[in-house]
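>>> A predicted structure for the sequence below; I have some questions about it.
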Amino acid sequence: MSKVQTDYYLTARKFWQTVTDRDVTITESQLQQQLEAQKRLFNIFQAGNFYYIILNMYKSELDFVDSNITRVLGYDPEEFTIAFLMENIHPEDKPYFLNFEYQVVEFFKALPFEKIMKYKVQYDVRVRNKWNQYQRILHQAVQLDYDEKNYYRTLSLHTDITHIKQEGKPCFSLIGLDDEPSYYNIQDTSVITRSADPFTKREREILKCVVEGKSSREIADELYVSLHTVNAHRKNLLAKAAVKTPVELVRIAIREGWV
C-alpha cells in the first residue's frame, strides 16, 4: 500500500475513532444474532447482488465479511479488509467517501441515543473488482453495536447497482425510519438540512417494493391492499418522479437516494 493510500485510510480511521474509546469483544454467535436482527432495516435490492460487512469502529477493521462478496466483486472474504476496500475505490470517488464518512460520524455523534436505531446511512461509490473493472456499489449502513457513549460496530450492506446507475456523482442520504425526518441526496455536506419528502408513507412503502422488483400483485399481498390501490399509487409515483416507466423510477430513486 502506498503512502498516499495509507494516509487516506488513516484519515477515515481518525473519523471512526472519534465515536469510540474502547473495543468490546463479542462472540461469533452474538455477532450473528446482531446481524440477523438488523437485516430488517435494509432495503434488499433483488435487482442486484449484495454482501454484508461489519466494521469494528475502534480497530477500524472488518469483524465479518459475507461470502457473497465473491459473487459480487470476485474477492475472497479473507483478503477483503476495510483498507483494501478503500484502496480500490475509484480515484474520483475517494474524496466523496471521506466526506460522507466524516458527515456520518458527525451526524451520529449529535443524534440522541434513542434515535440511533432509527437512521440508515446510504451512499454510492465505484469499487474496482477482482477483474480490474469498476462496479457502482450502493452502501447502506446501520449502527449494530453501541451504547450511550460509544459506537462499536456498524453493519453495512453493499449492493451492485452498476446496471441501474452507470454514471453520475456519488449520492449521499441519511434516511429516517419510523417517521423520523430524512435527508435525501445531500449536496452540501457542510450543512445537512431536512428534506421535504415528495412521497406519502404508503407511496414510500410501494416505492421500496418497486425497487425490490416486486409485481403489483406481490405488493398488494404484502401490504394487504387492493391491486387497484397499488396501481393508483404506482401512477402517482411515476408522476411525482416525472418519469414514464418503472425502470426509470428505480433509476431516479437510486440516484436521488429516495430508498
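Yep, it's here. Numbering: from 1, shown residues only.
>>> switch to C-alpha atoms for all contacts and neighbour counts from now on
Fine.
>>> any low-confidence regions in the stretch 51-200 of the chain?
Scanning the stretch 51-200 of the chain for pLDDT under 70 picks out 188-196.
>>> Helices of that one, residue ranges please.
Here the stretch 51-200 of the chain has its helices, by DSSP state H, counting those that start in this stretch, at 69-72, 82-87, 94-109.
>>> Contact partners for residue 216?
Contacts for residue 216 (CA atoms under 8 Å, 6 or more residues apart in numbering) come out as 227, 230-231.
>>> export the residues you listed to a markdown table and tack on neighbour count?
Formatted as a markdown table, the contacts of residue 216 follow (neighbours: other CA atoms under 10 Å):
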| residue | neighbour count |
| --- | --- |
| 227 | 15 |
| 230 | 23 |
| 231 | 16 |
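>>> Residue 28: which of the residues you listed is nearest?
Closest approach to residue 28 among these (CA to CA): residue 230, at 41.8 Å.
>>> where's residue 239 relative to residue 70, distance?
Look at residue 239 and residue 70: by CA to CA, to the nearest Å, they are 39 Å apart.
>>> Those two: who's more crowded?
Neighbours per residue (other CA atoms under 10 Å) separate residue 239 from residue 70, with residue 70 holding more: 16 against 12.
>>> Which other helices and strands does the strand or helix carrying residue 12 contact?
In this structure, residue 12 sits in helix 3-16 according to DSSP states H and E. In terms of contacts (3 or more CA pairs under 8 Å, 6 or more residues apart in numbering; DSSP states H and E), helix 3-16 is packed against helix 82-87, helix 94-109.
>>> Now it: buried residues?
8-9, 12-13, 15-16 (16 or more other CA atoms under 10 Å).
>>> Next, format the residues you listed as a markdown table and append pLDDT and distance to residue 119.
Listed next are the buried residues of helix 3-16 as a markdown table, based on pLDDT from 0 to 100; distance: CA to CA, whole Å:
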| residue | pLDDT | distance to residue 119 |
| --- | --- | --- |
| 8 | 90 | 26 |
| 9 | 92 | 25 |
| 12 | 93 | 21 |
| 13 | 93 | 22 |
| 15 | 93 | 19 |
| 16 | 94 | 17 |
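>>> Give me the neighbour count for residue 148.
Close neighbours of residue 148, defined as other CA under 10 Å, add up to 9.
>>> Repeat that for residue 24.
By other CA under 10 Å, 12 other residues sit near residue 24.
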